[in-house]
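> A predicted structure for the sequence below; I have some questions about it.
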Protein chains: 2
Amino acid sequence: MKDILVVGSVALDTVRTPFGQVEEGLGGSAIYFSVVASFFTPVKIVAVVGKDFPEEHLNFLKLHGIDLKGLQKVEGKTFRWKGEYSYNLNEAITLETQLNVFENFHPQIPEDYRKVKYVFLANIDPELQGRVLDQIEKPHLVACDTMNYWIENKPEELENTLRKVDILIINESEARQLSAEPNLVKAARKILSLGPRALIVKRGEYGALYFTEKSMFSAPGFPLEFVYDPTGAGDSFAGGFLGYLAKTGNDNDSNVRQAIIFGSVMASFDVENFSIERFKNLTFREIKERFQAFNKLTHFEPL
Amino acid sequence: MKDILVVGSVALDTVRTPFGQVEEGLGGSAIYFSVVASFFTPVKIVAVVGKDFPEEHLNFLKLHGIDLKGLQKVEGKTFRWKGEYSYNLNEAITLETQLNVFENFHPQIPEDYRKVKYVFLANIDPELQGRVLDQIEKPHLVACDTMNYWIENKPEELENTLRKVDILIINESEARQLSAEPNLVKAARKILSLGPRALIVKRGEYGALYFTEKSMFSAPGFPLEFVYDPTGAGDSFAGGFLGYLAKTGNDNDSNVRQAIIFGSVMASFDVENFSIERFKNLTFREIKERFQAFNKLTHFEPL
């Protein structure tokens, strides 16, 4: 079974950048991840929305073949986030967060999701991430995200979860904070000692670094002429990365490197439009073409 | 003739980082460049020092086969720079600058330097850079650096010089400032329209980007466990880059990409110790090994 289970947030995002804005666009970590991963393999989503969640979004997700059995629809309003970016598109400024129904989210794993082999724990309370894992029978590969808030406020719960995780995917400042170590190579070593067998450090427009005990891989960000909205780039990266690993069913070093490039490809598409708009008309041919463009961008002859 | 002529500064640097410090260490753009480039090809230096410049440094430069005929020794004190870095090793804080003899530097090109084919104009007044070029008969390749101060205060002189330059090598914020354009791809296009046929954007620990009208290449910074002092990394990059191009006498795209990796290799060695210390016992075997390590770091299989 090559399906991926994702647990995370579904949001309505209001975002302003120097290049435009969107009001209550479809967003949230579970959305970006599942829309992107669905280009590669079937996805099952576990998340919560309120009664106000627009039907058109559900239809769009179904169109992408995303299994919505685990998407709870409960009394109340959907999670809303409002943010903006200045010309430094690497950093979001949060203007407003309304947790709404997300505040009391208790992930329920439907019976027929429990045999799933690939799991992505998007950035939610590490206690909930741990409880999700307890409900999965024998996952082959668990990847996980987190954020500064949980590193500060739930360090023990996070460490418990990390012991059960194969690949941690976090950004650069989070890696430094989690390890209390400014040097990334040392930070990686410390984090790998907490449980994960691999760490991916996301660096925004500068790309991503992958560390295991034996291997190191660097992928650049794709230099784009038009970047409209970086929201969701990290979860799009995770969706392309895990999507390709699940599709191919192979985690050797060579395949993982390709998966990181596919993650970078999908992140580069995400930022080209607001919300998940860029994925609405994206073709697999375009995905493969950008993969080749990454190859051209980084290739040099050995000596 | 595969020699490179470099015009730039020679300094005595006092630098403090979280990992140690050096008092009046050998430094300056012309020094980093020429010491590094001399691993690849013969170098001729045009610069100025004061009567206080230690003889041991001159001996070290001679030992590296660097031609010092263009190094003027004049009445007064050598240029001194004092700076420090915090844990964010990407940004230097200048504590003191004593221009001393560098203030009235008038580059004199010795007669037998005028037929040189490779020229590096390190970061000095663009008017002086232009006057140097007027004294070179028919250079094959001219590369040039500059800084925010000249972009702000001598924009016309800088534009005049850029018209005669083949490759501009500057850092990310300088590229944005020179083009008045936050997006790097657009910034590159604007800068290429000013004259250079190629632009290299240095991004500190994130590596370097190379742009021509037709090609784009991204090289990562090498993730190092010990970074002691980033001073001179940009000029070391330029030294490895131009050194390899001059040594091989070939500027096709494939060779330029390798040259950018050699530049990155030399920058990665530079930061491993203070001043030019790391280059004192560096072997060409180590240089080649790190080139291979860059290959391992970035390689992925095409689809």
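Perfect, thanks for sending it.
> so where's the stretch 101-250 of chain A shaky on pLDDT?
Applying pLDDT under 70 to the stretch 101-250 of chain A picks out no residues at all.
> what parts of it come near chain B?
Those residues of the stretch 101-250 of chain A that sit near chain B, judged by C-beta under 8 Å from any C-beta of the partner chain, are A:182-186, A:203, A:206-207, A:209, A:216-220, A:223-227. Backbone N, C-alpha and C define where each C-beta goes, glycine included.
> do that again at 6 Å, thanks
Residues of the stretch 101-250 of chain A lying close to chain B by C-beta under 6 Å from any C-beta of the partner chain are A:182, A:184-185, A:206, A:216, A:218, A:220, A:223, A:225.
> among those, name the buried ones.
Using 16 or more other C-beta atoms under 10 Å in any protein chain shown as the burial test, those include A:184-185, A:206, A:216, A:218, A:220, A:223 as buried.
> and those residues, which is closest to B:Lys296?
Using C-beta to C-beta, A:Met216 comes nearest to B:Lys296 of these, at 7.8 Å.
> one step back: just the buried ones among the residues of the stretch 101-250 of chain A next to chain B: which are in helices?
A:184-185 (DSSP state H).
> show me the two of the buried ones among the residues of the stretch 101-250 of chain A next to chain B that sit farthest apart.
Between any two of these (C-beta to C-beta), the greatest distance is 25.2 Å, for A:Val185 and A:Pro223.
> okay, the buried ones among the residues of the stretch 101-250 of chain A next to chain B in CSV with distance to B:Glu272 next?
Below are these laid out as CSV (distance: C-beta to C-beta, whole Å):
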residue, distance to B:Glu272
A:Leu184, 15
A:Val185, 13
A:Tyr206, 21
A:Met216, 17
A:Ser218, 18
A:Pro220, 23
A:Pro223, 28
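> which among the buried ones among the residues of the stretch 101-250 of chain A next to chain B gets closest to B:Asp125?
Closest to B:Asp125, out of all of those and judged by C-beta to C-beta, is A:Pro223, at 31.0 Å.
> quick check: closest non-adjacent residue to that closest one.
Nearest residue to A:Pro223 in three dimensions, chain neighbours excluded: B:Val185, at 5.1 Å (C-beta to C-beta, 6 or more residues apart in numbering or on different chains).
> just to revisit the earlier point, could I get the residues of the stretch 101-250 of chain A next to chain B as a markdown table with distance to B:Arg114?
Converted to a markdown table, these look like this (distance: C-beta to C-beta, whole Å):
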| residue | distance to B:Arg114 |
| --- | --- |
| A:Pro182 | 48 |
| A:Leu184 | 46 |
| A:Val185 | 46 |
| A:Tyr206 | 42 |
| A:Met216 | 46 |
| A:Ser218 | 42 |
| A:Pro220 | 40 |
| A:Pro223 | 38 |
| A:Glu225 | 42 |
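> quick check, nearest of these to A:Asn252?
A:Met216 (15.7 Å).
> list the contacts for the closest one?
B:Leu297 (C-beta atoms under 6 Å, 6 or more residues apart in numbering or on different chains).
> related to what we said a few turns ago, return the subset of the residues of the stretch 101-250 of chain A next to chain B lying in strands.
A:216, A:218 (DSSP state E).
> check chain A and tell me which residue is nearest its centre.
The centroid of chain A falls nearest to A:Asp235 when counting by C-alpha atoms, centre = their mean (2.2 Å).
> quick check: that one touching A:Ser34?
No - contact between A:Asp235 and A:Ser34 fails when scored by C-beta atoms under 6 Å: they sit 9.0 Å apart.
> noted, bye for now.
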